[in-house]
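S.K.: predicted model and sequence below, questions to follow.
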2 protein chains.
Amino acid sequence: MSGYGAVLRHVEAELSAGRLRVGRQLPAERKLAEDLGVSRATVREAIRVLQAMGVVRSGVGSGPDAGTTVIADPAGGLGAALRLHLATRRLPMSDLVGTRVMIESHSVRAAAARPDHPDLARAAELLTRMDAPDLDADTFHQLDADFHVALTAAAGNAVNTAIMAALRDAIHRTVLDAVQALPDWSRTAVRLRREHRSILRAVQAGDGDLAATRVTRHVEGFHREWVRHA
Amino acid sequence: MSGYGAVLRHVEAELSAGRLRVGRQLPAERKLAEDLGVSRATVREAIRVLQAMGVVRSGVGSGPDAGTTVIADPAGGLGAALRLHLATRRLPMSDLVGTRVMIESHSVRAAAARPDHPDLARAAELLTRMDAPDLDADTFHQLDADFHVALTAAAGNAVNTAIMAALRDAIHRTVLDAVQALPDWSRTAVRLRREHRSILRAVQAGDGDLAATRVTRHVEGFHREWVRHA
DNA sequence: CAGCCTGGTGTGGTCAGACCACAGAGTCTA
DNA sequence: TAGACTCTGTGGTCTGACCACACCAGGCTG
């Protein structure tokens, strides 16, 4: 088999077998190359891919942050892939929004069944920070995105949470551009804050159906507004 | 900025600007390296990543299949990422199944509103092929997976379809192993065929709620059975 | 003339070896 | 003792080379 693929399969096998765990380090590139009988360039190609997938992080120098470490950032990898395919125009933005609505409405339904989940407290704290009067649009959107991810995380499905975070990454820049074009941003921000609170209230009250309805209206409404001004 | 990241951002920018379209070719590695003022090794690392994301396909030699071509295979890229993170044990299989149930039940609901969608005809044809009596488990599961993806595709959301296909890729090997362990595979196959038909019937009858209930039972039931014997 | 075959050319795949910046650890010096 | 120094190992990048491959054009052969 090809050298590049062999490295990838080797690492995946090590992960599957549990010999390589999150937080541990891969062998140094030069050593890995020697072990597998390939060149360092080939090893690097494979490691780059793992890096792009969010499976591994590399740092130069020495010390704890140096070398190649196994991490677990599925959202990073999925987000990069979604962003690229968004650029190819094969994944329309409207479908990304549709998926987001599906995940969020499903998640708030599930989260309403466990209103004491710590991620809901985190979501509430994010809303408080969004109340700061002198927030610029960039920070506001960042908190906004974190709020929605926290809401999803409260449902307890790691895959959905990762996809949700990935969708946020993929959409991020587009939304920022859109926000610039809105006629009255501060007015929109007031409405978004109100809607966020009403969604969270419904979840904490255990009313999943209401929360789902509200989050659907919230996301689709903002998307429509933002498409109108794009 | 770093050489590697510069190449990646350059290609993404070319895609976003529409100067690079699906089906077209990237410049040759040597030329791209010269154009961007980096080495060929650096260009290759970036291209490997694009390849792993399903954005690009490379072929040696000359002719139409040679060189690096822009493609659009989001499922491939997402599937690889999911498989890797499954290996790190940070994405539990039960969550993958949960996401799958969410997407499928949501999709059959939407598909029921357009019962004449061509993907439904394709799904029906796949079921016919699954009726062949001398089918081995491997082929059966392949058709099974294609059926579920076709069902999802009939809902018309490309992102959901890509994620569904990615989940299939990620789960594929595990399911194959599980099927080996089932006590009476042919008996299970008979049940699966019946359930598939009943799901498709509900969709074609326009009864989205019924289809959603059935597909949820179908997927969760098979997952439980397969976990029990793992 | 028709058919084969044989270089030529350009592609990605891989390799070996080199140099760099970096960051920590250990050592030497004032 | 505190600071400056070298040493070592890391990933990041570059250079230049060779390979297998597949097409294509030209010449050769029948």
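M.R.: Okay, I see it. Computed from a predicted structure; not experimentally measured.
S.K.: in chain A, which spans are strands?
M.R.: A:56-59, A:67-70 (DSSP state E).
S.K.: center of chain A - which residue?
M.R.: residue A:165 (1.8 Å; CA atoms, centre = their mean).
S.K.: wouldn't it be in contact with residue A:149 here?
M.R.: Yes: if you go by CB atoms under 8 Å, residue A:165 and residue A:149 touch, sitting 5.1 Å apart. The C-beta positions use only the backbone N, C-alpha and C, and glycine is treated the same way.
S.K.: near DNA strand C, which residues of chain A show up?
M.R.: A:2-5, A:37-42, A:45, A:60-66 (CB under 7 Å from any atom of the strand).
S.K.: need the contact list for the residue nearest to residue A:55 when sequence neighbours are not counted.
M.R.: Ranked by CB to CB, 6 or more residues apart in numbering or on different chains and with sequence neighbours excluded, the top spatial neighbour of residue A:55 is residue B:84, at 4.9 Å. By CB atoms under 8 Å, 6 or more residues apart in numbering or on different chains, the contact list for residue B:84 reads A:12, A:15, A:50, A:53, A:55, A:77.
S.K.: and which of those is nearest residue A:128?
M.R.: Taking CB to CB as the measure, residue A:128 sits nearest to residue A:77 out of these, at 31.3 Å.
S.K.: measure that closest one to residue B:170 for me?
M.R.: 12 Å (CB to CB, to the nearest Å).
S.K.: ok so, going back, buried ones only from the residues of chain A next to DNA strand C, please, as a PyMOL command.
M.R.: Buried residues within the residues of chain A next to DNA strand C, by 16 or more other CB atoms under 10 Å in any protein chain shown, are selected in PyMOL with:
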select buried, chain A and resi 3+4+38+42+45
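S.K.: filter the residues of chain A next to DNA strand C down to just the ones in helices.
M.R.: A:3-5, A:40-42, A:45 (DSSP state H).
S.K.: for residue A:46, which residues are in contact?
M.R.: For residue A:46, the contact set (CB under 8 Å, 6+ apart) comprises A:4, A:7-8, A:11, B:48.
S.K.: so residue A:15 sits right up against residue B:91, yeah?
M.R.: No: using CB under 8 Å, residue A:15 is not in contact with residue B:91, being 11.9 Å away.
S.K.: of the two, who's got more company?
M.R.: In terms of neighbours (other CB atoms under 10 Å in any protein chain shown), residue B:91 is the more surrounded of residue A:15 and residue B:91; the figures are 24 against 21.
S.K.: am I right that that one is in contact with residue B:83?
M.R.: No: counting by CB under 8 Å, residue B:91 stays clear of residue B:83, with 9.6 Å between them.
S.K.: identify the contacts common to residue A:165 and residue A:149.
M.R.: Any residue near both residue A:165 and residue A:149 by CB under 8 Å, 6+ apart counts here, and not one turns up.
S.K.: so residue A:77 and residue B:170 - more neighbours on which side?
M.R.: residue A:77 (27 against 24).
S.K.: check contacts around the nearest residue to residue A:87 once chain neighbours are set aside.
M.R.: Distances taken as CB to CB, 6+ apart place residue B:15 nearest to residue A:87, at 3.9 Å, with adjacent residues excluded. Residue B:15 sits next to A:84, A:87-88, B:21, B:55, B:70 when contact means CB under 8 Å, 6+ apart.
S.K.: one more: residue A:194?
M.R.: Neighbour list for residue A:194: empty [criterion: CB under 8 Å, 6+ apart].
S.K.: check what pLDDT it gets.
M.R.: Here, the pLDDT recorded for residue A:194 equals 96.
S.K.: and the gap between it and DNA strand C?
M.R.: 45 Å (CB to the nearest atom of the strand, to the nearest Å).
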